[in-house]
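**Q** Make a model of this:
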Amino acid sequence: MTKKNYIFLTLTIFLGFLIFGFSENIKGPAIPRLQADFAMNEFRLGLLLATNSLGYLAACFYTASLSRKIGLKQTLIVCLIGMTASGAAICFSPNYPALLASYFIMYLGNGMLEISLGIMAATTFTRNTGTMMNLSHFFYGLSSCAAPVMATSLMNFRFGGNALGWRKMYMLVLLLSLIPIIPSAMVRIKKATNLGSSTGYKAFLKNKYTLPIIIILSLSVSCELCVGGWLVNFMEKSRQFDESSAALALTAFFVTFTLARLVLGPLIDKIGYIKSLFIFTAFSSLTIITGVLLGNRGNILLIAAGFGIAPIYPTVMALLAKLFPDNIESAMTVTLTVMGITIVISNLSLGIVIDLLRSIFAPIMGENSIGFAYSVGYIIIGLFCLGAFFITFLLYKQMKPLGKL
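**A** Residues are numbered from 1 along each chain as shown. Predicted coordinates:
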């Protein structure tokens, strides 16, 4: 690989993750407004958030095949154009079903983007894999930090006497998806021949490390995405924050999230991937569950949870790249497919649990029932990482003979 091509590939990956962070995390401040405009209950809200995973899931089924047919670079460009179009669709959605469809299109693009960038990063960063994977995802964290504040500012920005609102905010932010097309058009990527091959799938599924790795990633990413989708609502309805303060809390979470990905990469390469996952899943579950139980005194812990959650995804990706260097496409496709199914279930379950608890306790607790329901729901988010912690412990015992991994 030439130095020039490596630079443009790196730039494409970094910019791609930057856009991914924006599209994924502008929803936090917009969700309460969407919920009010379309009179959504928590189940409908959970279904809307679950389109994230449904889009991922659909993308997993055809992205590898599309990459094999038209090339990875062309697939990346297609998904970026689709994400831009979804911004306009969200802006002009007349009702809940149209909004649901528009969100699905956006997350379909997000899924294609993540898979394409993941394969591109795994095949590009063959040295210091943990560091470079975390650095790539640092750009996701960087835009995730800016996304809630930017979304709130754009929604409240007045043009012609009227605030832009969540509709135009989505359209403007998703227009940024066109930017990574510029460096991606300049790269050369060797066309893969084994993307999503049946042989590759079978070899990956037969490996004894596959199942625990998939479970760890699925549970931890469920935690990550549930925080991004539910934290603002939790702060407003359980902790009585106003919309600006709740958005600021989400931004603070993503600041810790981003810092972790910026500084922890070299440490992960040094101490090993499995030990790192053991530490991060334990820290995440402890801070989230304790943070909820302590009430307002625990808000700082909910924000600090980003330090533990952030490195898990890129560390698992680095682990996959090291364990399956010749079968990374199949490994990522299978892993992200199962992850997508898990996240659909987790978001829907969370919405159902919150709705159910609010209904059950409303006669007893009155208006306080919704705050209680959201607190229980947020503890469930912490339990996702607690489950990942126990599976990591079992994986550590399995992989101890491999030493540094």
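
**Q** hang on, I303 in a helix?
**A** Yes. Per DSSP: H, G, I helix; E, B strand; the rest coil, I303 lies within a helix segment.

**Q** pretty sure it contacts L250?
**A** No. Using Cβ atoms under 8 Å, I303 makes no contact with L250, being 9.0 Å away. Heads up, the C-betas are built off the backbone N, CA and C, glycines and all.

**Q** Which one of those two is surrounded by more residues?
**A** Using other Cβ atoms under 10 Å as the criterion, I303 and L250 rank with L250 on top: 28 against 22.

**Q** Return the residues in contact with that one.
**A** N25, G28, P29, P148, G228, L231, V232, M235 (Cβ atoms under 8 Å, 6 or more residues apart in numbering).

**Q** just checking, next helix/strand downstream of the one helix or strand it maps to?
**A** Element membership for L250 (DSSP states H and E) is helix 243-263. Tracing the chain past helix 243-263, the next element assigned as helix or strand by DSSP H and E is helix 265-271.

**Q** Run the chain-centre distance for that next one.
**A** Distance of helix 265-271 from its chain centroid, counting by Cα atoms, centre = their mean, to the nearest Å, is 22 Å.

**Q** Give me the residues contacting it.
**A** Outside helix 265-271, the residues that reach it (Cβ under 8 Å, 6+ apart) are 128-135, 276, 311, 314-315, 318.

**Q** mean confidence score for stretch 77-90?
**A** The average of the pLDDT scores along stretch 77-90 is 94.

**Q** how about a markdown table for the contacts of L250, with pLDDT added?
**A** Converted to a markdown table, the contacts of L250 look like this (pLDDT from 0 to 100):
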| residue | pLDDT |
| --- | --- |
| N25 | 81 |
| G28 | 77 |
| P29 | 84 |
| P148 | 82 |
| G228 | 79 |
| L231 | 90 |
| V232 | 85 |
| M235 | 92 |
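
**Q** Sort out which of those are in strands and list them.
**A** Nothing among these maps onto strands, per DSSP state E.

**Q** Closest to the centroid, which residue in this structure?
**A** Centroid check for the chain by Cα atoms, centre = their mean gives L225 as the closest residue, at 5.0 Å.

**Q** Contacts only, for that one.
**A** So L225 contacts E24, L49, N52, S53, I343, N347 (Cβ under 8 Å, 6+ apart).

**Q** So which bits of the lengthiest helix in the chain are buried?
**A** When the chain is parsed with DSSP state H, its longest helix is helix 328-365. Buried positions in helix 328-365, judged by neighbour count with 16 or more other Cβ atoms under 10 Å: 328-344, 346-348, 350-351, 353-355, 357-358, 361.

**Q** Also stretch 217-232?
**A** Buried residues in stretch 217-232 (16+ other Cβ under 10 Å): 217-232.

**Q** and of the residues you listed, the nearest to L394?
**A** Nearest to L394 among the buried residues of stretch 217-232 is L219, at 13.0 Å by Cβ to Cβ.

**Q** Which pLDDT value does the model give M120?
**A** pLDDT for M120: 87.

**Q** Tell me how far the residue nearest to it when sequence neighbours are not counted lies from I26.
**A** Closest residue in space to M120, ignoring its immediate chain neighbours: I13 at 5.7 Å, by Cβ to Cβ, 6 or more residues apart in numbering. Distance from I13 to I26, counting by Cβ to Cβ, to the nearest Å: 21 Å.
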